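[1] What follows is a predicted structure for the sequence shown.
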Amino acid sequence: VEMRGTLGGTCLNVGCIPSKALLQSSHHFHDAKHHFADHGIQIEGEIKMDVGKMMETKAKTVTGLTGGIEHLLKKHKVDYFKGKGTITGPNGVSVALSDGGDKILDSKNIVIATGSEVTPLPPVPVDNAGGKIVDSTGALEIGKIPETMAVIGGGVIGLEMGSVWSRLGTKVTVIEFMDRICPSMDLELTKKFQQTLKKQGFKFKLKTKVTGNEVLEDGVNITTEAAKGGKEKTEKYD
């Protein structure tokens, strides 16, 4: 039972796989622009990124893998229902089918594998449809290369998506409440990681918290202050 309509969960649909596809595309672009000449590869004219084509390649990657899982389920005779499941008892699941109607399933065992969702941050409410303040899912659908971007939270997912757009020319600033990025990871590793991202052009505001935002026609004003409190500062990002 899967309500998304495609198999593979968060990872294949809006997580690891699409983000890695974008990382690969941006890596090729960055290499062509900054490192090909080091190897004697000469390209005449300006190197440009077709964001639409990049997104199309990402979508094909996702479709290929999710479709492959569906094929495997059919091959091994696993029943697949598209819809929202509700556990009705120790051995029962009611499915509100995506195409309409309901299906009652009886089973000896039930595996709950509901996946994850983004933790809300009240000072900056997510609006993926608006395209200004987005979560990790919305970041996979940005339609043009922004000039500036704020990544709120120095965790692996935000840094990964920031790296995609940094390679394409966006000036990325990471705002992190703690005194280092990826605070739950090994200290030596994260120091090296931050050095690598700085070389890529990242800017870091550590020990900083976000207190508010203002969505504008041409960007977002982000208000921050020191994690321990202090004078507020407002900066604009695309």
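    Okay, I see it.

[2] From now on I want contacts and neighbour counts done on CA atoms only, so please keep to that.
    OK.

[3] Could you find the residue nearest the spatial middle of the chain?
    Centroid-nearest residue in the chain: Ser136, 2.9 Å away (criterion: Cα atoms, centre = their mean).

[4] and Glu176, what does it touch?
    Ile152, Gly153, Gly154, Phe204, Lys205, Leu206, Lys207, Thr208, Lys209 (Cα atoms under 8 Å, 6 or more residues apart in numbering).

[5] Now do the lowest-mean-pLDDT helix or strand in the chain: everything it contacts.
    Least confident helix or strand of the chain, by mean pLDDT, DSSP states H and E, is helix 9-14 with a mean of 91. For helix 9-14, contacts defined as Cα under 8 Å, 6+ apart pick out 6-7, 16-18, 62, 65-66, 115-116, 136-137, 140.

[6] how about 10 Å then?
    2-4, 6-8, 15-19, 59, 61-66, 113-117, 136-141 (Cα atoms under 10 Å, 6 or more residues apart in numbering).

[7] Now the buried members of those residues.
    Buried residues within these, defined by neighbour count using 16 or more other Cα atoms under 10 Å: 2-3, 6-8, 15, 17-19, 59, 61-63, 65-66, 136-141.

[8] Give me the distance between the longest helix along the chain and the centre of its chain.
    Among the segments of the chain that qualify as a helix by DSSP state H, the longest is helix 51-75. Centre-to-centre, helix 51-75 and its host chain are 17 Å apart (Cα atoms, centre = their mean, to the nearest Å).

[9] got the residue ranges for the strands in the protein?
    For the chain, strands defined by DSSP state E occupy the ranges 83-89, 92-97, 102-106, 148-152, 171-175, 203-205, 208-216, 219-226, 233-237.

[10] For those, state which one has the densest average packing.
    strand 171-175 (a mean of 22; mean count of other Cα atoms under 10 Å).

[11] now the angle from that strand to strand 208-216?
    Going by axes from the mean of the first three to the mean of the last three Cα atoms, to 10 degrees, strand 171-175 is angled at 130 degrees with respect to strand 208-216.

[12] can you pull the contacts of Lys171?
    Counted by Cα under 10 Å, 6+ apart, Lys171 has contacts 146-150, 162, 165, 200-203, 237-238.

[13] Quickly note the distance from it to Asp99.
    44 Å (Cα to Cα, to the nearest Å).

[14] what does Gly230 give?
    Distance from Gly230 to Asp99, by Cα to Cα: 54 Å.

[15] quick one: terminal-to-terminal distance for stretch 229-238?
    Start-to-end, stretch 229-238 (Cα to Cα) is 26 Å.

[16] my read: the residue nearest to the centre of the chain touches Ser116, true?
    No - with contact defined as Cα atoms under 10 Å, Ser136 does not count as touching Ser116 (11.8 Å).
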